[in-house]
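Enquirer: using only what follows, build the 3D model:
(2 chains)
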Amino acid sequence: MIFIENLNFGYSDHKVLSIPKMEIKEDQQLLILGKSGSGKTTLLHILGGLLAPNEGKVVIGKTDIYKLSQSQRDKYRGQNIGLVFQKAHLVSALNVGGNLLLAQYLSGAAQDKGRVKEVLEELNLGHKVRSKVKALSQGEQQRVTIARALLNRPRVILADEPTASLDDDNAFKVIELLKRQAQNYGAALAIATHDQRVKDEFEVQLNLNM
Amino acid sequence: MNLFSLSWNYIKSKPLNTLLNVLLLSLGIAIILVLILLSSQLEEKLAKDKRGVDLVVGAKGSPLQLILANVYHIDFPTGNIKLAEAKSLTRNRLIESTIPLALGDNYQGFRIVGTNHDYINLYEGKIAAGELFKYNLDVTLGSNVAKRLDLKLGDHFHGAHGMSVTDLEHDEKDYIVAGILEPSGSVLDNLILTNIESVWAVHEHEEEHAHEEGEEHAHEKVLGSAYETGLPAGDEGAEVTSLLVKFRSPMGAVTLPRMINSQTNMQAASPAFETQRLFSLLGIGVNMLRSFAYIIIFISGLSIFISLYNALKDRKYDLAIMRSLGASRSKLFVHVVLEGIIITTLGGLLGLLFGHGLMELLAGYYEKSDEVGVTGLIFVQEELYVLLISVGVGIVASLLPAFNAYKTDISKVLADD
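Expert: Predicted structure coming up:
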């Protein structure tokens, strides 16, 4: 599903990241471990088409995403890649349902309230459609962002420190949720974290600390 | 969900800020609008009343006063001119036609104007009831006069000397209402029209009255000597207030005023020139108010800019997330500009409402405005430009914030947390 080759990223004075070859297959789940500054966020951003590498290519499905124009890449990301971040960045001017509709609108997908409801139900947030974002707890907010990431049935789910600001209980729930949903949707999952708590949950790991 | 509702939701999420920006802009727009409405209506009104009058000839004095008194009937007359002199002027070959006016009396503040039917035709006045004056002391009322004073056909009244209500009444001779005009939107609406001889009769009577007290006057009706057109036959001392002159050719404009001003005891003034001069005098005040309004609009634009710019600091995550959800950079640009445009369009529309409301309020407050015919319930084309200005303010104020949104480095913003 994701295939990278000869990937290099760095600034003029130091190299941040260099990966000759890597592949994450459909249904595969990868944990990217690393201390802060190890380049795991950078790698995730490169995989998500948010940050162009200095060289190398990133192929998702059959698309070399850095061969696309900027706006094509934005659109491709919206439709095929679900992103989850450490903080639940939701648009506070909109309610929960509005945030999900926004995701559909911006990706160019048809706006489907039924689908919004469905995804929220899957994450036990069905009753929160009309809630204000600020009225939700941290854990709930994080689940809304997961709902948002799953909304367009992505082929790849990328999560950057999704558990860092959560307590143990919620952290494991979120990891469980991401793994289960990725499986449901047949999506490749990559989680970047420095959180040692979740280390044992993944078979395939990439350690950037070395 | 679309860009418009997205921007609208952002606006709704900070209601006080929005209210301030909208009110500020609407205030500026309202002031500009009142100025536009007022000056366009005044200009139209003034242009309408001076139509067909190329030159006003009257007693020497201020030319502006001559025009204001004889064309617009708002100032006092400069004095009178000899009937004989007026008559000799009408024979000038550069003059196509003249209309004489005899002013000096009023009834309840409405001016009694001695003239002939040409004057009514000049403003395309139409009779609504009764007939035009023919006999001495018969009057035809402007529509507003009849309405305000509640006068009907056959009613009698005394004129009062001078131009304002408090002056002494001529309590011996009665005017009789012979006709009432339809509303014409011109100066006719506020005038009481009669033969020039009627005006003379009222004044002669007063003089005679002092000498020949107790004498019985015959009360049979006398037909005016020139009620349709031209100047009446008068005795040697007879006077009129002015002549409204129409030139036969443009040559008249070149030579007649100079001839009249230098070779006669009369004065000639051009309504076009004098009203233009009046407007340029008023223009200083209008321009100052207008600059003031533009300053307010500028400040409101600045305020919108500042609030958008500040809000963007908090919104950089939102913008980055929107990018990550598939929004292109240009979409975010439009999203921010749209927010500015929505705020200023609201301000513009509210300003239109305020402007018209204020105008109507002022028009209701000042009685005079009814006479002049000023109202807030009229729409002029310039209002569209005013709306365009407000949209333009929105665009300009949001350009820089929108550009910042455009060049948001999503990876950097998202990695920052």
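Enquirer: ok and the residue in the stretch 201-350 of chain B nearest chain A?
Expert: residue B:326 (1.8 Å; C-beta to the nearest C-beta). For glycine as for every other residue, the C-beta is placed from the backbone atoms N, C-alpha and C.
Enquirer: so how far is stretch B:49-69 from its chain's centroid?
Expert: Remark: stretch B:49-69 is offset 18 Å from the chain centroid, using C-alpha atoms, centre = their mean, to the nearest Å.
Enquirer: buried stuff in that stretch?
Expert: Buried residues in stretch B:49-69, defined by neighbour count with 16 or more other C-beta atoms under 10 Å in any protein chain shown: B:49-50, B:52-59, B:63-69.
Enquirer: for residue B:165, give me the pLDDT.
Expert: With respect to pLDDT, residue B:165 has a value of 63.
Enquirer: can you tell me which of the buried residues of stretch B:49-69 are in strands?
Expert: Secondary structure assignment (DSSP state E) places B:55-59 from these within strands.
Enquirer: can you give me the helices for the chain?
Expert: In the absence of a named chain, chain A is used. For chain A, the helices defined by DSSP state H cover A:40-47, A:70-80, A:96-107, A:113-122, A:138-150, A:168-185.
Enquirer: you answered for a different chain; I wanted chain B.
Expert: For chain B, the helices identified by DSSP H occupy B:3-12, B:15-50, B:63-70, B:83-90, B:117-122, B:143-149, B:196-211, B:251-263, B:271-324, B:329-365, B:367-372, B:382-406, B:410-415, in order along the chain.
Enquirer: could you dump the last one to PDB, C-alpha only?
Expert: Taking Å, rounded to 0.1, in the frame of the first residue of the first chain, the C-alpha atoms of helix B:410-415 are listed here in PDB:
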ATOM      1  CA  ILE B 410       1.100  22.600   7.300                       C
ATOM      2  CA  SER B 411       3.900  20.300   8.300                       C
ATOM      3  CA  LYS B 412       5.600  22.900  10.400                       C
ATOM      4  CA  VAL B 413       2.400  24.000  12.100                       C
ATOM      5  CA  LEU B 414       1.300  20.400  12.900                       C
ATOM      6  CA  ALA B 415       4.800  19.400  14.100                       C
END
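Enquirer: any idea how far it is from the chain center?
Expert: Using C-alpha atoms, centre = their mean, the distance from the centre of helix B:410-415 to the centre of the chain it belongs to is 61 Å.
Enquirer: give me the helices and strands touching it, please.
Expert: With contacts defined as 3 or more C-beta pairs under 8 Å, 6 or more residues apart in numbering or on different chains; DSSP states H and E, the packing partners of helix B:410-415 are helix A:40-47, helix B:271-324.
Enquirer: same deal with the fifth one?
Expert: When contacts are defined as 3+ C-beta pairs under 8 Å, 6+ apart, helix B:117-122 packs onto strand B:95-107.
Enquirer: which strands border the strand it packs on, and is each parallel or antiparallel?
Expert: Taking DSSP bridges as the criterion, strand B:95-107 forms sheet pairs with strand B:110-115 (antiparallel), strand B:160-161 (antiparallel), strand B:242-247 (antiparallel).
Enquirer: what's the closest of the ones you listed to residue B:136?
Expert: Set against residue B:136 and scored by C-beta to C-beta, those come closest in strand B:110-115, at 10.0 Å.
Enquirer: could you give the angle of that closest one to helix B:63-70?
Expert: Counting by axes from the mean of the first three to the mean of the last three C-alpha atoms, to 10 degrees, strand B:110-115 points 90 degrees away from the direction of helix B:63-70.
Enquirer: for strand B:110-115, which positions count as buried?
Expert: By neighbour count, with 16+ other C-beta under 10 Å as the criterion, the buried positions of strand B:110-115 are B:110-115.
Enquirer: hmm, who's touching that strand?
Expert: Residues outside strand B:110-115 that contact it (C-beta atoms under 8 Å, 6 or more residues apart in numbering or on different chains): B:73, B:99-106, B:119, B:139, B:142, B:145, B:148-149, B:159, B:163, B:175, B:190-200, B:240.
Enquirer: and it, how far from the chain's centre?
Expert: On the basis of C-alpha atoms, centre = their mean, strand B:110-115 sits 21 Å off its chain's mean C-alpha point.
Enquirer: show the average pLDDT along it.
Expert: pLDDT averaged over strand B:110-115 gives 92.
Enquirer: the nearest residue to residue B:279 once chain neighbours are set aside: neighbour count?
Expert: With sequence-adjacent residues excluded and distances taken as C-beta to C-beta, 6 or more residues apart in numbering or on different chains, residue B:279 is closest to residue B:43, at 7.4 Å. Here the number of neighbours of residue B:43 (other C-beta atoms under 10 Å in any protein chain shown) works out to 12.
Enquirer: before we move on, what about residue B:7?
Expert: Neighbouring residues of residue B:7 were enumerated by other C-beta under 10 Å; the total is 22.
Enquirer: these two touch, right, it and residue B:343?
Expert: No. Here residue B:7 does not reach residue B:343: they are 9.3 Å apart, not a contact under C-beta atoms under 8 Å.
Enquirer: by mean pLDDT, show me the worst of the helices of chain B.
Expert: If these are sorted by mean pLDDT, helix B:367-372 sits at the bottom with a mean of 64.
Enquirer: how near is residue A:90 to residue A:77?
Expert: Separation of residue A:90 from residue A:77 (C-beta to C-beta, to the nearest Å): 18 Å.
Enquirer: contacts only, for whatever residue of chain A ends up closest to chain B.
Expert: For chain A and chain B, the shortest gap (C-beta to the nearest C-beta) falls at residue A:78, measuring 1.8 Å. Applying C-beta under 8 Å, 6+ apart, one finds that residue A:78 lies in contact with A:103, A:106-109, A:152, B:324-327.
Enquirer: for it, which non-adjacent residue is spatially closest?
Expert: For residue A:78, ignoring the flanking residues on the chain, the nearest one in space by C-beta to C-beta, 6+ apart is residue B:326 at 1.8 Å.
Enquirer: what's near enough to touch that neighbour?
Expert: Residue B:326 makes contact with A:74-75, A:77-79, A:103, A:106-108, according to C-beta under 8 Å, 6+ apart.
Enquirer: burial count for residue B:247?
Expert: Residue B:247 has 18 neighbours, counted by other C-beta under 10 Å.
Enquirer: so it touches residue B:97, yeah?
Expert: No. With contact defined as C-beta under 8 Å, residue B:247 and residue B:97 do not form a contacting pair (9.3 Å).
Enquirer: show me what contacts residue 92?
Expert: Looking at chain A here, since you left the chain open. Applying C-beta under 8 Å, 6+ apart to residue A:92 gives the contacts A:132-134, B:13, B:318.
Enquirer: not quite, I wanted chain B
Expert: residue B:256.
Enquirer: where does it fall, phi/psi-wise?
Expert: For residue B:92, the backbone dihedrals are phi -60, psi 140 (criterion: degrees, to the nearest 10).
Enquirer: against residue B:83, how distant is it?
Expert: From residue B:92 to residue B:83 the distance is 16 Å (C-beta to C-beta).
Enquirer: so what touches stretch B:245-255?
Expert: Residues outside stretch B:245-255 that contact it (C-beta under 8 Å, 6+ apart): B:52-57, B:93-98, B:256, B:268, B:270.
Enquirer: anything in stretch B:299-314 near chain A?
Expert: No. Among the residues of stretch B:299-314, none lie within reach of chain A under C-beta under 8 Å from any C-beta of the partner chain; the closest is 9.2 Å away.
Enquirer: for that stretch, which positions count as buried?
Expert: Within stretch B:299-314, the residues scored as buried using 16+ other C-beta under 10 Å are B:300-301, B:303-305, B:307-308, B:311-312.
Enquirer: for stretch B:150-163, same thing?
Expert: Buried positions in stretch B:150-163, judged by neighbour count with 16+ other C-beta under 10 Å: B:151, B:157, B:159-160, B:163.
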